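> here's a sequence, model it:
(one chain, ligands or ions: 2)
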Amino acid sequence: MRSVKRIEQDYAAAKARYAEMKLDTDAALAALEKIPVSIHCWQGDDVGGFEKDAGGTSGGILSTGNYPGRARNAAELRMDLDKAFSLIPGAKRLNLHAIYLDTDKAVDRNKITPEHFRSWIDWAKARKTALDFNPSYFGHPKAASNLTLSSPDAGIRRFWIEHGIACRKIAAALGAAQGSPCIMNTWIPDGFKDVTVDRGGARRRLIKSLDAVFAEKLPATHMRDAVESKLFGIGVETCTVGSNEFYLGYAVKNSLLLCLDAGHFHPTEVISDKISAVLLFLDEILLHVSRPVRWDSDHVVLFDDELQAIAREIIRNGVRRVHIGLDYFDATINRIAAWAIGSRNMQKALLAALLEPSAELVEMEKKFSNSRKLALTEELKMLPLGAVYDYFCLRQGVPVSMDYMDEIELYEKQIQSKRS
Ligand code: RNT
Ligand code: ZN
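Numbers count the residues shown, from 1 in each chain. Ligands and ions are numbered 1, 2, ... in the order given. Okay, the predicted model is just below:
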């Protein structure tokens, strides 16, 4: 464990080094602490949820691994989240899925109400945090065909439309209770495994269903709708009904948010490049920051090139218009570590982006000083970012550097390892 004095000294040196490049680390930290990262509850239990009579992932998403200690109910998940939140500095929100309702009785998805989320509302209020929300269109007998809102079966469509409507009411109630708009993201697994003949028909059905789900206007101060596109999933390899072109068009036409998930494109296609483009046509967007390894594998987010590129684009294009959510689920490591590592990486990337001499770089680009621009962007990578982030953790009262792993290991020993 490094001493406070040492961390402060290292920060002072880093601050001076950044100042040489006319970059203000105090200002960057003040900005960073206000950028909320919406932490996905589903990392804590491998996307299982707490319904009384259903559950389990399906619809082409898959959490692999059998690391012990998964949260088995809402109380355990909240306890784990408290631990994770205590290890992550800065502003945090919690992103809930409908399957995380907290109730003793079985209630089907089209019948859920804000009351089923009362304990979450209380939890968030007590921690001065806010909730985001997601309808769950997977892990349910009525989603067994991997067709929900676009199903050719009118009864199936109706059921899921009712679910979407119920979820929007819940999202609005959460937003009203917390005084901050709840971002509700709609992702459906709909697609086809093999040769697909009537793609247009499925997409037309999806439009009609979405129109029914979104028909009621709800105040933007309470909730905002996002729609998430995808390229493929396991079992739906050939055609995804809600493709990128589909949802980009739908979001533009209906003034919704588009959700860009980092794992939902071809392996070399990146969402960082899409942010500046879609923000020309949409007021706001949602990101699902994730890490695809060869496919939509949802590995823990690393401080890698694409994460840094995403963060730079967020900062350059207007941080208030981009809602940052995380979306990954790894069951091969401690789940609290997964939360802490990924969230802290997201913040490090945002910090790096805040410490970019953007005006100077833009000028160079305009003047075709490309050699200088390239040299400077490479030089920036050598600056002492770690010392600045460590100081941020210190000031925010969370463990600095590797110290958070000591806390996780202790928590695992005392609590998670006792769960069967
Ligand atoms: C699936 C989507 C979706 C889910 C979560 C659980 O491919 O990324 O966002 O991961 O909603
Ligand atoms: Zn996603």
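
> what about the strands in the stretch 101-250 of the chain?
130-134, 182-186, 191-192, 223-228, 239-240 (DSSP state E, counting those that start in this stretch).

> list the contacts for the residue nearest to residue 236 when sequence neighbours are not counted?
What sits nearest to residue 236 in space, not counting adjacent residues and going by Cβ to Cβ, 6 or more residues apart in numbering, is residue 191, at 2.9 Å. To be clear about C-beta, it is placed using only N, CA and C from the backbone, and glycine gets the same treatment. By Cβ atoms under 8 Å, 6 or more residues apart in numbering, the contact set of residue 191 is 60, 146, 230, 232, 233, 235, 236, 237, 238, 239, 240, 241.

> got it, and residue 202?
Counting by Cβ under 8 Å, 6+ apart, residue 202 touches 147, 150, 152, 190, 192, 196, 239, 241.

> neighbour count for the contacts of residue 191 - can I get that in TSV?
Formatted as TSV, the contacts of residue 191 follow (neighbours: other Cβ atoms under 10 Å):
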residue	neighbour count
60	20
146	24
230	26
232	19
233	22
235	14
236	22
237	14
238	12
239	20
240	25
241	26
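
> keep only these that also lie close to ligand 2.
Among these, none lies close to ligand 2 by the criterion of Cβ under 5 Å from the ion.

> out of these, the closest to ligand 2 would be?
residue 230 (7.8 Å; Cβ to the ion).

> what residues does the stretch 201-350 of the chain have near ligand 2?
Close to ligand 2, as judged by Cβ under 5 Å from the ion, the stretch 201-350 of the chain has residues 261, 288, 327.

> among those residues, which lie within strands?
261, 288 (DSSP state E).

> out of the residues of the stretch 201-350 of the chain next to ligand 2, grab the one that's most surrounded.
residue 327 (28 neighbours; other Cβ atoms under 10 Å).

> not counting sequence-adjacent ones, nearest residue to that residue?
With Cβ to Cβ, 6+ apart, the residue lying closest to residue 327 is residue 288, at 3.7 Å.

> now swap in residue 293 and tell me
In space, residue 293 is closest to residue 299, 5.2 Å off (Cβ to Cβ, 6+ apart).

> that neighbour: neighbouring residues, count only.
Residue 299 has 16 nearby residues by other Cβ under 10 Å.

> what backbone torsions are found at it?
phi -70, psi 160 (degrees, to the nearest 10).

> so which elements touch the lengthiest helix in the chain?
Among the segments of the chain that qualify as a helix by DSSP state H, the longest is helix 154-178. Counting contacts by 3 or more Cβ pairs under 8 Å, 6 or more residues apart in numbering; DSSP states H and E, helix 154-178 packs against helix 118-126, strand 130-134, strand 182-186, helix 199-213, strand 223-228.

> was I right about residue 23 contacting residue 357?
Yes. Judged on Cβ atoms under 8 Å, residue 23 makes contact with residue 357 at a distance of 6.2 Å.

> looking at the two, which one has more neighbours?
Applying other Cβ under 10 Å to residue 23 and residue 357 shows that residue 23 carries more neighbours, namely 19 against 16.

> what's near enough to touch the more buried one?
Residues near residue 23 by Cβ under 8 Å, 6+ apart: 355, 356, 357.

> same thing with residue 159?
109, 110, 142 are the contacts of residue 159 under Cβ under 8 Å, 6+ apart.

> run the last query once more with 7 Å
110, 142 (Cβ atoms under 7 Å, 6 or more residues apart in numbering).

> so it versus ligand 2, what's the distance?
To ligand 2, residue 159 is 22 Å away according to Cβ to the ion, to the nearest Å.

> so who does the closest residue to residue 283 other than its chain neighbours touch?
Distances taken as Cβ to Cβ, 6+ apart put residue 321 closest to residue 283, at 6.6 Å, once the chain neighbours are dropped. Contact analysis of residue 321 by Cβ under 7 Å, 6+ apart lists 279, 283, 284, 285.

> need those in JSON lines (columns: secondary structure, neighbour count and pLDDT).
Below are those laid out as JSON lines (DSSP: H, G, I helix; E, B strand; the rest coil; neighbours: other Cβ atoms under 10 Å; pLDDT from 0 to 100):
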{"residue": "279", "secondary structure": "coil", "neighbour count": "18", "pLDDT": "98"}
{"residue": "283", "secondary structure": "coil", "neighbour count": "11", "pLDDT": "98"}
{"residue": "284", "secondary structure": "coil", "neighbour count": "21", "pLDDT": "98"}
{"residue": "285", "secondary structure": "strand", "neighbour count": "23", "pLDDT": "98"}
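
> any chance of those residues in TSV, plus distance to residue 115?
Converted to TSV, the contacts of residue 321 look like this (distance: Cβ to Cβ, whole Å):
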residue	distance to residue 115
279	37
283	32
284	29
285	31
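
> how about the residues of the chain near ligand 1?
Taking Cβ under 6 Å from any ligand atom as the contact definition, the chain meets ligand 1 at 42, 47, 61, 97, 134, 187, 228, 230, 261, 288, 296, 327.
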